[in-house]
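Undergrad: have a look; sequence and predicted model below, questions after that.
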Amino acid sequence: MPEGHTIHRLAKDLNKTLKPGPLTASSPQGRFAEGAELLDGRELNKATAWGKHLFLDIDGAPPVHIHLGLIGKFRRKKLDAPIRGAIRLRLEGPERLWDLTGPMVCDVVDGDDVDRITSELGPDPLRADGDPDEFARRLGRRRIAIAAALLDQKVIAGVGNVYRSEFCFLMGIRPDLPANQVPHDVVSEMWDLSVAQLTQGVRLNRITTRDPAEVGVAAGRISGDDRLYVYKRDGRPCHRCGDEIRLLEIGQRKAWFCPSCQT
DNA sequence: ATAATATGGTGAT
DNA sequence: TCACCCTATTATC
């Protein structure tokens, strides 16, 4: 489930449920045992998200860098939840605990590492310092397909495979259009779109790109196949025009689009 | 029981 | 371009 919205929502929820008070940290699976030991009994200062990266600032301990990758999950559970599955890190707070499974990265790092990792990222539409002009500059330099550029975390941090197809649909451009040929006004709108969409993603804790008014329901009440316009909908009719959604392979990942709505 | 898949990313070839 | 890493869930035999 992890695109940028997931990580920013996680940071918020961790800050809300793991403070105040000392944490109990453990690595039931064992692969983060040494790291967990450094965190155990200490207090969370702040969890922070940068794109798809999550950093834990824990008082008196080195920074923890977490990246969920494709399959990682950080699940909130009740305090009496049994140990099930390969739990890399369990953090127990005053009222809730969190179990981390399958992360691509879960490491103890240092401040320089944090700076290096974050400085290599493009602007993050969910951060106050996310700069639309920087996005336009980085996008305009690329000749690769726009859908490939949107996945590049140096171009824009936090966008993943669902958002990239949905953004191209919403902007009415084909995913294989070279990034440097995207008109300036579209680039500018695309940034605003990413801010609005990822912000909504954080609020709903899931990706819902469709306009509820178009579906005919109240905001946040969209369900099932109605949430997205094109993602994973190849062979099915476009929600807007009824034409058949198509599938392309762009940048070693699948990208979906409507041949009529995106020209 | 085994395979395929998943909203991600790296490093070798 | 490919192999690979991490894990859970669903699909197929």
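TA: Cool, got the structure. Numbers count the residues shown, from 1 in each chain, chains lettered A, B, ... in the order given.
Undergrad: when you work out contacts or count neighbours from here on, use the C-alpha atoms and nothing else.
TA: Will do.
Undergrad: how much space between A:Asn15 and DNA strand C?
TA: From A:Asn15 over to DNA strand C the distance is 24 Å, taken as Cα to the nearest atom of the strand, to the nearest Å.
Undergrad: need phi/psi at the residue in the stretch 51-200 of chain A positioned nearest to DNA strand B.
TA: Nearest to DNA strand B, among the residues of the stretch 51-200 of chain A, is A:Gly160, at 3.0 Å (Cα to the nearest atom of the strand). Phi and psi for A:Gly160, reported as degrees, to the nearest 10, are phi -130, psi -160.
Undergrad: that one against A:Ala149, yeah?
TA: No. Applying Cα atoms under 8 Å, one finds A:Gly160 not in contact with A:Ala149, separated by 10.6 Å.
Undergrad: which of these two has more residues huddled nearby?
TA: A:Ala149 (26 against 21; other Cα atoms under 10 Å).
Undergrad: quick check, pLDDT for the more buried one.
TA: The predicted structure scores A:Ala149 at 96 on the pLDDT scale.
Undergrad: just the CA atoms of the helix or strand in which it is found, as CSV, please.
TA: Per DSSP states H and E, A:Ala149 falls inside helix A:146-151. Output of helix A:146-151 as CSV, limited to C-alpha atoms (Å, rounded to 0.1, in the frame of the first residue of the first chain):
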residue,chain,number,x,y,z
ILE,A,146,6.2,11.2,-18.3
ALA,A,147,5.0,8.1,-16.5
ALA,A,148,8.6,7.0,-16.0
ALA,A,149,9.6,10.4,-14.8
LEU,A,150,6.8,10.5,-12.2
LEU,A,151,8.2,7.3,-10.7
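Undergrad: that one and DNA strand C in contact?
TA: No. Helix A:146-151 lies out of reach of DNA strand C by Cα under 7 Å from any atom of the strand, never closer than 11.8 Å.
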